[in-house]
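[1] Sequence and predicted structure, then a few things I'm wondering about:
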Amino acid sequence: YVETFFSVHDGHAHSLQSPVFPVVSAPFIAVFGLRGAYILPLISFVALLPLLARVARHVAPDVSITTLTVVGLFAGPVLFYAFEFWEHLPAIACLAGATALLSIPRAAPTHLIASGSLSAAAILLRPEALWYVIALAVWQIYARVRLGYFAASACLILGFFALFNLLESGNLMGPHISANLAPLLDNWAAVRLQRGALWFWPGSTLWFVGVLVLIASWVASLANVNLRLAQ
């Protein structure tokens, strides 16, 4: 018996979670025991704020450190993931580092190579990081930065990983990404619409009226603010 987070292959099991995160966490667990499992997420959380500050310095210099801290660290689930044995925070920190390197004016080739490597590491940790990396590349193309070094370093790392997947399981994407893409072929849109209806569709008339009152209050407050500004 193997639970749904693993798949059996040739007498051994493959985790359907990130194959990279347990490997990079293993040395910490070996030295510190189970407590070591939480070191990488916590280090990533600590590193995130200075990385965001580095990005803001070049991209949005008028943003205060208070705003940066509240929005960057506390306006989402980042704080929650900082204390969990998951790869979310290391992936986010890698993307923040990649962005910080690319935001440097006239970034050197070494910066581009490091940024591409961090982007590839983020994708290996969380495959959906690919969408952020694509947006990052488009931003740099718009800024007329040559991304040859960036793309080459990212493709080299991802290429080695894809080759390993091909040799091991006959699939370039590997079991992790394949497992995450599998729901797309199984009534994905219908299932999401059903879940959305369960979460957001009013379950009673009282609930529906309450939401309308909140929306009306919000619109009225915005109109009041605009009126005061106009006066």
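    In hand now; what should we look at?

[2] Quickly find the element holding the spatially closest residue to Gly174 that is not a sequence neighbour.
    Among residues not flanking Gly174 along the chain, Asn165 sits closest, at 3.8 Å (CB to CB, 6 or more residues apart in numbering). (C-beta placed from N, C-alpha, C; glycine too.) Taking DSSP states H and E as the definition, Asn165 sits inside helix 148-169.

[3] Which strands or helices does that helix pack on?
    helix 109-125, helix 129-142, helix 174-181 (3 or more CB pairs under 8 Å, 6 or more residues apart in numbering; DSSP states H and E).

[4] how does it look with 6 Å?
    Counting contacts by 3 or more CB pairs under 6 Å, 6 or more residues apart in numbering; DSSP states H and E, helix 148-169 is packed against helix 109-125.

[5] Send me the helix it packs on as PDB with only the CA atoms.
    Taking Å, rounded to 0.1, in the frame of the first residue of the first chain, the C-alpha atoms of helix 109-125 are listed here in PDB:
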ATOM      1  CA  PRO A 109      26.500  38.400 -17.100                       C
ATOM      2  CA  THR A 110      27.200  36.900 -13.700                       C
ATOM      3  CA  HIS A 111      24.000  38.500 -12.300                       C
ATOM      4  CA  LEU A 112      22.000  37.100 -15.300                       C
ATOM      5  CA  ILE A 113      23.400  33.600 -14.800                       C
ATOM      6  CA  ALA A 114      22.700  33.700 -11.100                       C
ATOM      7  CA  SER A 115      19.200  35.000 -11.700                       C
ATOM      8  CA  GLY A 116      18.500  32.200 -14.300                       C
ATOM      9  CA  SER A 117      19.800  29.600 -11.900                       C
ATOM     10  CA  LEU A 118      17.600  30.800  -9.100                       C
ATOM     11  CA  SER A 119      14.600  30.900 -11.400                       C
ATOM     12  CA  ALA A 120      15.200  27.300 -12.400                       C
ATOM     13  CA  ALA A 121      15.600  26.300  -8.700                       C
ATOM     14  CA  ALA A 122      12.200  27.900  -8.000                       C
ATOM     15  CA  ILE A 123      10.600  26.000 -10.800                       C
ATOM     16  CA  LEU A 124      12.000  22.700  -9.500                       C
ATOM     17  CA  LEU A 125      10.700  23.600  -6.100                       C
END
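
[6] picking up where we left off before, buried set for the helix holding Asn165?
    Buried residues in helix 148-169, counted by 16 or more other CB atoms under 10 Å: Tyr149, Phe150, Ser153, Ala154, Ile157, Leu158, Phe161, Ala162, Asn165, Ser169.
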